[in-house]
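A.B. asks: got a predicted structure plus its sequence, pasted below:
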Amino acid sequence: MERARTRTGPVATVAAMLLLTVGLGWLLAARAEAQQEIHILWPASSITTRFTGFGDGGNLGDRLTSRGPLTDVGQSEQIGTAYQECVVMRKFSGPTTGLWRCSYVLDLAPGLIVVEGMDPRGPGVYRLAVLGGSGGYAGATGDATFTDGVDGTDMVIHLTS
(Lines give C-alpha, C1' and ligand atoms only; values in the text may rest on other atoms or scores of the structure.)
Protein backbone atom coordinates (compact mmCIF):
# COMPACT_ATOMS: atom_id res chain seq x y z
CA MET A 1 0.00 0.00 0.00
CA GLU A 2 1.35 3.38 -0.96
CA ARG A 3 1.19 6.31 1.48
CA ALA A 4 -0.25 9.58 0.34
CA ARG A 5 2.21 12.44 0.34
CA THR A 6 1.32 15.76 1.90
CA ARG A 7 3.08 19.06 1.50
CA THR A 8 3.64 20.40 5.02
CA GLY A 9 6.99 22.01 4.32
CA PRO A 10 5.73 25.44 3.12
CA VAL A 11 3.01 25.59 5.80
CA ALA A 12 5.50 24.80 8.56
CA THR A 13 7.93 27.39 7.19
CA VAL A 14 5.28 30.13 7.11
CA ALA A 15 4.12 29.20 10.64
CA ALA A 16 7.72 29.33 11.96
CA MET A 17 8.33 32.71 10.31
CA LEU A 18 5.10 34.10 11.77
CA LEU A 19 6.02 32.83 15.24
CA LEU A 20 9.53 34.31 14.94
CA THR A 21 8.15 37.69 13.80
CA VAL A 22 5.64 37.85 16.66
CA GLY A 23 8.29 36.80 19.19
CA LEU A 24 10.83 39.35 17.93
CA GLY A 25 8.20 42.11 18.02
CA TRP A 26 7.34 41.18 21.61
CA LEU A 27 11.01 41.29 22.66
CA LEU A 28 11.58 44.68 21.02
CA ALA A 29 8.45 46.10 22.65
CA ALA A 30 9.56 44.81 26.07
CA ARG A 31 12.99 46.41 25.57
CA ALA A 32 11.42 49.75 24.58
CA GLU A 33 9.29 49.70 27.74
CA ALA A 34 12.44 49.12 29.85
CA GLN A 35 14.03 52.35 28.62
CA GLN A 36 13.59 55.42 30.78
CA GLU A 37 14.80 59.03 30.63
CA ILE A 38 15.36 61.11 33.76
CA HIS A 39 15.95 64.85 33.37
CA ILE A 40 17.13 66.69 36.51
CA LEU A 41 19.15 69.75 37.49
CA TRP A 42 21.88 70.25 40.09
CA PRO A 43 21.67 74.01 40.73
CA ALA A 44 25.08 75.68 41.15
CA SER A 45 23.88 77.86 44.03
CA SER A 46 23.08 74.81 46.19
CA ILE A 47 26.30 72.78 45.78
CA THR A 48 28.54 72.30 48.83
CA THR A 49 32.10 71.51 47.72
CA ARG A 50 35.33 70.52 49.43
CA PHE A 51 38.63 70.54 47.51
CA THR A 52 41.58 68.51 48.81
CA GLY A 53 44.82 69.36 47.07
CA PHE A 54 48.43 70.22 47.53
CA GLY A 55 50.03 73.50 46.55
CA ASP A 56 47.98 75.68 44.21
CA GLY A 57 45.37 72.96 43.45
CA GLY A 58 44.50 71.30 40.19
CA ASN A 59 47.40 68.84 40.29
CA LEU A 60 47.20 65.12 39.49
CA GLY A 61 45.47 63.24 42.27
CA ASP A 62 43.82 66.28 43.87
CA ARG A 63 40.23 65.55 44.89
CA LEU A 64 36.93 67.33 44.95
CA THR A 65 33.85 66.17 46.83
CA SER A 66 30.43 67.81 46.55
CA ARG A 67 26.85 67.29 47.54
CA GLY A 68 23.64 69.17 47.03
CA PRO A 69 19.96 68.95 46.21
CA LEU A 70 18.71 67.83 42.81
CA THR A 71 15.64 69.57 41.41
CA ASP A 72 13.25 69.13 38.54
CA VAL A 73 14.30 71.11 35.46
CA GLY A 74 12.09 74.06 36.44
CA GLN A 75 13.79 74.16 39.88
CA SER A 76 10.36 74.16 41.52
CA GLU A 77 10.80 70.97 43.54
CA GLN A 78 13.69 69.10 45.17
CA ILE A 79 13.59 65.51 43.96
CA GLY A 80 16.79 64.09 45.42
CA THR A 81 20.40 64.64 46.42
CA ALA A 82 23.63 64.36 44.41
CA TYR A 83 26.95 63.17 45.86
CA GLN A 84 30.08 63.66 43.75
CA GLU A 85 33.73 62.67 44.05
CA CYS A 86 36.28 63.75 41.42
CA VAL A 87 40.01 63.22 40.97
CA VAL A 88 42.22 65.42 38.78
CA MET A 89 43.48 63.34 35.83
CA ARG A 90 45.08 66.18 33.81
CA LYS A 91 46.67 69.17 35.54
CA PHE A 92 44.80 72.46 35.43
CA SER A 93 46.58 75.21 33.52
CA GLY A 94 43.75 77.72 33.28
CA PRO A 95 40.12 78.25 34.26
CA THR A 96 38.75 75.84 31.64
CA THR A 97 41.56 73.33 31.21
CA GLY A 98 42.22 70.06 32.97
CA LEU A 99 40.31 66.81 33.30
CA TRP A 100 38.44 65.16 36.16
CA ARG A 101 37.38 61.54 36.63
CA CYS A 102 34.09 61.84 38.49
CA SER A 103 31.73 59.46 40.26
CA TYR A 104 28.20 60.50 41.14
CA VAL A 105 25.61 58.88 43.37
CA LEU A 106 22.19 60.33 42.60
CA ASP A 107 19.77 59.65 45.44
CA LEU A 108 16.23 59.83 44.02
CA ALA A 109 12.93 58.63 45.52
CA PRO A 110 12.86 55.27 43.65
CA GLY A 111 16.51 54.49 44.56
CA LEU A 112 20.14 55.32 43.83
CA ILE A 113 21.80 55.71 40.41
CA VAL A 114 25.60 55.50 40.09
CA VAL A 115 27.20 57.42 37.20
CA GLU A 116 30.91 57.73 36.36
CA GLY A 117 33.16 59.14 33.66
CA MET A 118 35.56 61.81 32.51
CA ASP A 119 34.52 65.43 33.09
CA PRO A 120 36.38 68.15 31.19
CA ARG A 121 36.81 71.16 33.45
CA GLY A 122 34.62 74.17 32.74
CA PRO A 123 31.31 74.70 30.95
CA GLY A 124 30.34 72.14 28.33
CA VAL A 125 28.61 68.88 27.49
CA TYR A 126 29.98 65.42 28.29
CA ARG A 127 28.74 61.83 28.57
CA LEU A 128 29.11 59.41 31.43
CA ALA A 129 28.22 55.76 31.99
CA VAL A 130 25.46 54.52 34.27
CA LEU A 131 27.16 51.80 36.34
CA GLY A 132 24.21 50.57 38.35
CA GLY A 133 21.80 51.46 41.07
CA SER A 134 19.65 50.24 43.90
CA GLY A 135 15.97 50.12 44.82
CA GLY A 136 13.89 51.00 41.77
CA TYR A 137 17.10 51.38 39.76
CA ALA A 138 18.70 48.04 40.73
CA GLY A 139 20.75 46.72 37.82
CA ALA A 140 20.49 50.02 35.93
CA THR A 141 22.62 50.52 32.83
CA GLY A 142 22.75 53.27 30.26
CA ASP A 143 24.40 56.64 29.81
CA ALA A 144 24.03 60.20 31.00
CA THR A 145 24.59 63.53 29.28
CA PHE A 146 25.70 66.29 31.65
CA THR A 147 25.77 69.94 30.62
CA ASP A 148 27.73 72.25 32.92
CA GLY A 149 26.77 75.91 32.86
CA VAL A 150 26.63 78.94 35.11
CA ASP A 151 23.26 77.84 36.57
CA GLY A 152 24.48 74.34 37.46
CA THR A 153 24.61 70.92 35.86
CA ASP A 154 21.73 69.75 33.68
CA MET A 155 21.58 65.92 33.77
CA VAL A 156 19.75 63.74 31.25
CA ILE A 157 20.04 60.08 32.21
CA HIS A 158 19.06 57.35 29.73
CA LEU A 159 18.40 54.03 31.47
CA THR A 160 18.24 50.95 29.28
CA SER A 161 17.42 48.41 31.95
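C.D. replies: Right, received. Where do you want to start?
A.B. asks: the helices in the chain, which residues?
C.D. replies: Counting by DSSP state H, one finds helices in the chain at the ranges 9-34.
A.B. asks: please tell me how far Thr52 sits from His39.
C.D. replies: The gap separating Thr52 from His39 is 31 Å, by CB to CB, to the nearest Å. All C-beta atoms are positioned from the backbone trio N, CA, C, and that covers glycine.
A.B. asks: Thr48 too?
C.D. replies: In terms of CB to CB, Thr48 sits 23 Å off from His39.
A.B. asks: check Thr160 too.
C.D. replies: 16 Å.
A.B. asks: any idea what sits nearest Tyr52, other than its immediate chain neighbours?
C.D. replies: One correction, residue 52 is Thr, not Tyr. Counting by CB to CB, 6 or more residues apart in numbering, Thr52 lies nearest to Arg63, which is 4.6 Å off, once chain neighbours are set aside.
A.B. asks: which residues touch that neighbour?
C.D. replies: Shown in contact with Arg63 (CB atoms under 8 Å, 6 or more residues apart in numbering): 51-53, 85-88.
A.B. asks: kindly reformat these as TSV containing neighbour count and pLDDT.
C.D. replies: Listed next are the contacts of Arg63 as TSV, based on neighbours: other CB atoms under 10 Å; pLDDT from 0 to 100:
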residue	neighbour count	pLDDT
Phe51	13	81
Thr52	11	84
Gly53	14	77
Glu85	16	96
Cys86	21	94
Val87	15	95
Val88	21	93
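A.B. asks: show me which pair in these is furthest apart.
C.D. replies: Using CB to CB, those reach their maximum pairwise distance at Gly53 and Glu85, which is 13.7 Å.
A.B. asks: any idea where the strands of the protein begin and end?
C.D. replies: In the chain, the strands defined using DSSP state E lie at 36-43, 48-52, 63-71, 78-90, 99-108, 111-120, 124-133, 142-149, 152-159.
A.B. asks: poorly predicted segments of this structure, please.
C.D. replies: Applying pLDDT under 70 to the chain picks out residues 1-34, 54-57.
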